[in-house]
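K.L.:
Got a predicted structure here, sequence first:
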Amino acid sequence: MTKKRQRRAKPKQTKSTIQHEFHPKSGIVVLRDVFEPTAPAFVKFKCVHPNTYDCAKHGVHGTDLTADSCTTLKSEVIEHVVAKLTSVIRLHTKQIKAIKNRALRPPQDFSPDCVIETRKETWHTDGSTNGWVLILYGDCKRQLHIYPTPHDAGMLTEEQKNDALELNISSGDAVFFNGGQLPHKAVKVSGTARVVQIRSTRKMK
């Protein structure tokens, strides 16, 4: 009798259960389908100081200066997404340490204290203290164009704009990157575009 050949058990591979993309040169993290972009996740608020960033004291800020109310996400939704983001960043620790430009290394201690409703569709960089932003998308499909190296947004050539990363974003996705260093712009594809940008005014490692 011939003995049956025993198959070797394959070693278990540790993979993140969070659908994501990590861009190792620019430090950009994309989280896919990371929250439920339904109406209960969003709340309206009256912007007390619409012309300044004083609303950071209240944890919120609106960019639409003519509106009586702005849209943001419930705090528990934001905390959920930040926790998922932290897990993904820790998963890529070695790759992050290999990024030459320290300003593009995603921080593990991102702690947001300022929320902005945003719809900016021109090339720009963000003026936050440390530059890192987390953008969450609801009710829309968009393209987010990001130039993957630090540059003055106003000095980008047409050739450089064509070399930008084009990220296809759907409702429930989130993108984390250094918006203070990397020029970027949004391109609306469809939907009403509930786009919430989360920043931190604190110094991070």
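P.N.:
Right, received. Where do you want to start?
K.L.:
starting at the chain centroid, how far to stretch 160-174?
P.N.:
11 Å (CA atoms, centre = their mean, to the nearest Å).
K.L.:
Go through it and flag the buried ones.
P.N.:
Ala164, Leu165, Leu167, Ile169, Ser170, Ser171, Gly172, Asp173, Ala174 (16 or more other CB atoms under 10 Å). For every residue, glycine as well, the C-beta is placed using N, CA and C.
K.L.:
what ranges do the helices span in the protein?
P.N.:
Using DSSP state H, the helices found in the chain span residues 75-91, 93-97, 158-162.
K.L.:
so of the ones you listed, which one's packed in deepest?
P.N.:
Among those, the stretch with the highest mean neighbour count (mean count of other CB atoms under 10 Å) is helix 75-91, at a mean of 17.
K.L.:
what packs against that one?
P.N.:
Judged by 3 or more CB pairs under 8 Å, 6 or more residues apart in numbering; DSSP states H and E, helix 75-91 is in contact with strand 28-31, strand 132-146, strand 174-178.
K.L.:
So what are the sheet partners of the second one and their directions?
P.N.:
Think strand 132-146. strand 165-170 (antiparallel), strand 174-178 (antiparallel), strand 184-199 (antiparallel) (DSSP bridges).
K.L.:
The longest one: which residues count as buried?
P.N.:
Buried positions in strand 184-199, judged by neighbour count with 16+ other CB under 10 Å: His184, Lys185, Ala186, Gly191, Ala193, Arg194, Val195, Val196, Gln197, Ile198, Arg199.
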